[in-house]
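A.B. asks: the following comprises the amino acid sequence and a computationally predicted model.
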Amino acid sequence: MRRTLVVASVAALLLGVITVPSIARPGEIHAKATAVYVETLDPGESWFEGDVNHVRGVVWRVRVEGTGDNAQYQTGDQISEINFNWNWKTGALNSWGTVEITLDAMDGGYVGTWVVAGPPNPDAVGGECAAWSKFTGVGKGFGDLEGAQIRWDNESDTCGFVSFYDAAIFFPGG
């Protein structure tokens, strides 16, 4: 009898976990923003090798303004380190870097990395700004957002001077 009671209790617990899967999933919110270049804090280094413009260590300050629901999760100041290899003959762009966003409405923000892998683009030949393929970033929260994770999809057709962010923010265990 006792064994049957233990088996029934375990089965009831497992059934409860299976029927309520949202408890085991992290919380998630979405936030959109427009980011606008403010100034260059460090011009970094650049050089040409053949048709490729290599740039390392450029540091930009950007103002990010959240839009719509959850705007407070994107609104703040952003510092980005930018590196890229831009083929001026084919228009291909490979860019990567780091980002830190300090939010206005919270004591904290996000730190992360981002990457652009742009195939040849005739609109970007000769260093002309063109629409980027969607680029992505990932980051971790700090301060009030400690433990949060963020994933950005970003687009720009102005070489990053104006960008549009679409973020998913996860709160594991939430």
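C.D. replies: Noted; the coordinates are in hand.
A.B. asks: pLDDT below threshold where in this structure?
C.D. replies: Scanning the chain for pLDDT under 70 picks out 1-26, 133, 174.
A.B. asks: strands of that one, start to end?
C.D. replies: Shown for the chain, the strands assigned by DSSP state E span residues 27-42, 45-49, 52-67, 76-87, 93-103, 108-118, 135-143, 149-155, 162-171.
A.B. asks: give the contact list for Val52.
C.D. replies: 85-88 (CB atoms under 8 Å, 6 or more residues apart in numbering). Placement of C-beta: from N, CA and C, glycine included.
A.B. asks: quickly list what it is bridged to.
C.D. replies: Under DSSP bridges, the beta-bridge partners of Val52 are Glu49, Asn87.
A.B. asks: CSV for the contacts of Val52, including neighbour count?
C.D. replies: Listed next are the contacts of Val52 as CSV, based on neighbours: other CB atoms under 10 Å:
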residue, neighbour count
Asn85, 15
Trp86, 21
Asn87, 19
Trp88, 16
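A.B. asks: need the strands of the chain in a markdown table with distance to Glu128, can you?
C.D. replies: Shown next, in a markdown table, are the strands of the chain (distance: least, CB to CB, whole Å):
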| stretch | distance to Glu128 |
| --- | --- |
| strand 27-42 | 17 |
| strand 45-49 | 16 |
| strand 52-67 | 12 |
| strand 76-87 | 10 |
| strand 93-103 | 11 |
| strand 108-118 | 13 |
| strand 135-143 | 18 |
| strand 149-155 | 17 |
| strand 162-171 | 16 |
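A.B. asks: ok, back up a step: what's the closest of the contacts of Val52 to Ala105?
C.D. replies: Trp86 (35.9 Å; CB to CB).
A.B. asks: my read: the closest one touches Leu93, true?
C.D. replies: Yes - proximity of Trp86 to Leu93 meets the contact threshold set by CB atoms under 8 Å, at 4.9 Å.
A.B. asks: spit out the residues that contact those two alike.
C.D. replies: Ala124.
A.B. asks: report how many residues lie close to Val55.
C.D. replies: Using other CB atoms under 10 Å, Val55 has 16 neighbouring residues.
A.B. asks: show me what contacts the nearest residue in space to it that is not next to it in sequence?
C.D. replies: Excluding its sequence neighbours, the residue lying closest to Val55 (CB to CB, 6 or more residues apart in numbering) is Ser46, at 4.5 Å. By CB under 8 Å, 6+ apart, the residues touching Ser46 are 53-56.
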